[in-house]
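Enquirer: Here's a sequence, model it:
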Amino acid sequence: TILDDSPLIGRTREEIPLQTRYHLNLLAIAEKSDVLYAPWRFTPFSAGQTLSLLGTAADAESFAADFRCAKKYQPRAVPGNEDAAGFAEVLVRPKSGVAGKTLRDLLFRKKFGLEPIVLLKGDHEERESMSDIPLTPGDTIVVYGSWTRIRAIGADPNFMLITPVESESPRTSKAAFAVLCFGGGILLTLTGVPIALGLLSGALGMILLGVLSIDEAYRAIDWRTVFLLAGLIPLGVAMESSGTAAWLADWLMVFTGQSHPVVILLTVALLTTFLTLFMSNVAATVLLVPLVFVIGEGAGIDPRALALLVAVCASNSFALPTHQVNAFLMAPGGYHNSDYIRAGGLMSLLFIAVAVGLLWLLYL
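Expert: The predicted structure is shown next:
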C-alpha cells in the first residue's frame with residue numbers, strides 16, 4: 001500500500017524502474033473498491049493505493065523499502081475479486097497485422113487492458129525488454145488481466161487465445177452464498193410463490209451478494225432458448241384457440257374410430273406426442289381427453305384407458321428441443337436438433353410402445 005509520504009505519489013510506472021531494477025510486474029492497482037488491472041504506463045500513483053506485484057518476495061520487499069510502501073505479502077493474492085482475472089497465453093497469428101510491431105507500438109496495455117508478463121520467441125524468453133522487441137508470427141505472450149479482457153483479445157484477428165477461459169478457478173469463497181440463494185429460491189416455490197418469481201428472487205440474491213455480476217448473468221442467458229420458447233408459446237396458443245388442434249384430432253379419429261383397439265391406442269399415443277411437442281402438456285391433455293372419451297365409447301374401449309394414455313404421453317417430448325427442459329439443456333450441452341431427433345426419437349418410440357403395451361395388458 002502506498003503511504004502518504006511515498007515518492008511514488010504523482011509518478012507513473014514509466015518513471016519507475018519496476019522491471020529493469022526490481023524485476024517486478026504490476027498486475028493491478030486497487031483503490032477503495034475499484035481495481036484497475038494492467039494499468040497503462042502513464043497511470044499515476046496516489047496515496048492509499050494497493051499495488052499487486054508479480055515477482056519474488058525479496059524484490060517486492062526491496063521495492064517497498066525504497067518507495068516507502070506498507071508491505072502486505074500475500075502469495076497469489078490480487079486485490080479485489082480474485083476470481084475475476086488470471087493468466088493466459090496469447091499467440092501471434094500467421095500473417096498477423098501486428099507482425100513487425102512492438103508491444104509499445106501497439107499500446108498493448110492501454111488497448112487490451114492486459115499486462116504482458118513474458119514474451120516467448122521459440123525457446124527464448126524475454127521479460128525486461130520485451131516491450132521493444134518486434135513481434136513475429138508464432139510468438140507467444142503470457143498475459144495477466146481480467147477474463148473479460150482475455151476473451152476480447154481472443155476475438156482479435158491478430159491473436160489466438162491458447163488458454164481456455166474456462167480454466168478460471170471456481171469462486172469457492174462464494175459457494176455458501178450460491179447455495180443459500182438457490183435454496184431460498186426453491187423454498188419460495190414450495191411456499192406457494194410462482195416458480196418464475198421464486199427462482200428470479202434467488203438469481204437476484206446471487207447478484208446482490210456478489211456471487212456473479214450483472215454482466216455475467218446476461219452472458220449466461222442463452223437468448224436462442226428464450227426466443228425459441230417465446231415463439232413456441234404463442235404457436236401452441238394459436239393451435240388451441242383457432243381450433244386447429246381439435247380439427248386435427250377429429251380428422252384422425254374419424255379414420256380410427258372402428259379400428260382394432262391397439263390401432264386406436266397407438267393413434268392416441270402418437271397424436272398426443274405430436275401435439276405436446278408444440279403446445280403445453282396441460283393444453284394437450286385438456287384438448288384430447290374429451291375426444292378420447294367419445295372415441296372410447298364408440299369403439300367399445302374403456303375411456304379411462306385412453307384418458308390415462310393421453311396423460312402419460314403428454315410428457316413424451318424427447319424428440320425436439322421444444323420442451324422447456326430440453327431447450328434449457330441445449331446450449332450448455334452443445335446439442336443440435338439432430339441430436340434430439342436421433343436420441344429422443346428412439347426414446348419417444350420406446351415410450352409409446354411401453355405405454356400402449358401396459359395399458360393393453362391392464363385395461364383391455
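Enquirer: Domain map for this protein?
Expert: If you go by automatic domain parsing, the domain ranges for the chain are 1-80, 85-167, 173-217, 232-363.
Enquirer: and W223, which of those domains is closest to it?
Expert: Closest approach to W223 among the domains of the chain (C-beta to C-beta): domain 232-363, 9.3 Å. For every residue, glycine as well, the C-beta is placed using N, CA and C.
Enquirer: which non-adjacent residue is nearest R41?
Expert: E14 (4.2 Å; C-beta to C-beta, 6 or more residues apart in numbering).
Enquirer: who touches F274 in this structure?
Expert: Going by C-beta atoms under 8 Å, 6 or more residues apart in numbering, F274 touches no other residue.
Enquirer: what about it, which helix or strand?
Expert: Here F274 sits within helix 261-276, counting by DSSP states H and E.
Enquirer: again, but for E216
Expert: Counting by DSSP H and E, E216 is part of helix 214-220.
Enquirer: The stretch 1-150 of the chain: helices as residue ranges?
Expert: Residue ranges of the helices in the stretch 1-150 of the chain, as given by DSSP state H, counting those that start in this stretch, are 57-66, 108-112, 147-154.
Enquirer: possible to save those as TSV with distance to N316, mean pLDDT and mean neighbour count?
Expert: What follows is the helices of the stretch 1-150 of the chain, written out as TSV (distance: least, C-beta to C-beta, whole Å; pLDDT from 0 to 100; neighbours: other C-beta atoms under 10 Å):
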stretch	distance to N316	mean pLDDT	mean neighbour count
helix 57-66	64	86	15
helix 108-112	51	87	19
helix 147-154	40	86	18
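Enquirer: quick one: which of these is nearest D123?
Expert: Short answer: helix 108-112, nearest of the helices of the stretch 1-150 of the chain by C-beta to C-beta, at 22.8 Å.
Enquirer: Return the distance of that closest one from the chain's centre.
Expert: 26 Å (C-alpha atoms, centre = their mean, to the nearest Å).
Enquirer: repeat for stretch 338-350
Expert: The answer for stretch 338-350 is 26 Å, by C-alpha atoms, centre = their mean.
Enquirer: got the contact list for the residue nearest in space to the middle of the chain?
Expert: Nearest residue to the geometric centre of the chain (C-alpha atoms, centre = their mean): A220, 3.6 Å. Listed by C-beta under 8 Å, 6+ apart, the contact set of A220 reads L212.
Enquirer: Quick check: it vs T43, distance?
Expert: 32 Å (C-beta to C-beta, to the nearest Å).
Enquirer: got it, and H323?
Expert: 52 Å.
Enquirer: Ok, G202 next?
Expert: 39 Å.
Enquirer: just M160 next, same as before
Expert: In terms of C-beta to C-beta, M160 sits 28 Å off from T43.
Enquirer: and what of P164?
Expert: Counting by C-beta to C-beta - P164 and T43 are separated by 30 Å.
Enquirer: Same check on G210?
Expert: According to C-beta to C-beta, G210 stands 26 Å off from T43.
Enquirer: Please apply the same query to T267.
Expert: For T267, the distance to T43 equals 73 Å [C-beta to C-beta].
Enquirer: Go ahead and confirm M347 touches F318.
Expert: Yes. Using C-beta atoms under 8 Å, M347 is in contact with F318, at 4.4 Å.
Enquirer: Of the two, which one has the most company?
Expert: Taking other C-beta atoms under 10 Å, M347 and F318 do not tie; F318 has more neighbours (22 against 13).
Enquirer: where along this structure do the strands fall?
Expert: When secondary structure is read from DSSP state E, the chain shows strands at 25-31, 34-37, 50-54, 85-92, 115-121, 124-126, 140-146, 159-161.
Enquirer: For P194, the count of nearby residues, please.
Expert: 10.
Enquirer: Kindly report the same for the one 10 residues further on.
Expert: The number of residues packed around L204, counting by other C-beta under 10 Å, is 13.
Enquirer: how about the domains of the chain in TSV, adding distance to V226?
Expert: Formatted as TSV, these follow (distance: least, C-beta to C-beta, whole Å):
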stretch	distance to V226
domain 1-80	32
domain 85-167	22
domain 173-217	13
domain 232-363	9
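Enquirer: which one is F182 nearest to, not counting chain neighbours?
Expert: Closest to F182 by C-beta to C-beta, 6+ apart is G202, at 5.7 Å.
Enquirer: Was I right to think A84 contacts W147?
Expert: Yes. A84 is in contact with W147 according to C-beta under 8 Å; the separation is 6.5 Å.
Enquirer: any residues in contact with both of the two?
Expert: If you check A84 and W147 against C-beta under 8 Å, 6+ apart, no residue is contacted by both.
Enquirer: coming back round to it: quick one, which of H323 and T43 is more surrounded?
Expert: H323 (22 against 17).
Enquirer: Could you find the closest non-adjacent residue to L212?
Expert: Nearest to L212 is M206, by C-beta to C-beta, 6+ apart, at 5.8 Å.
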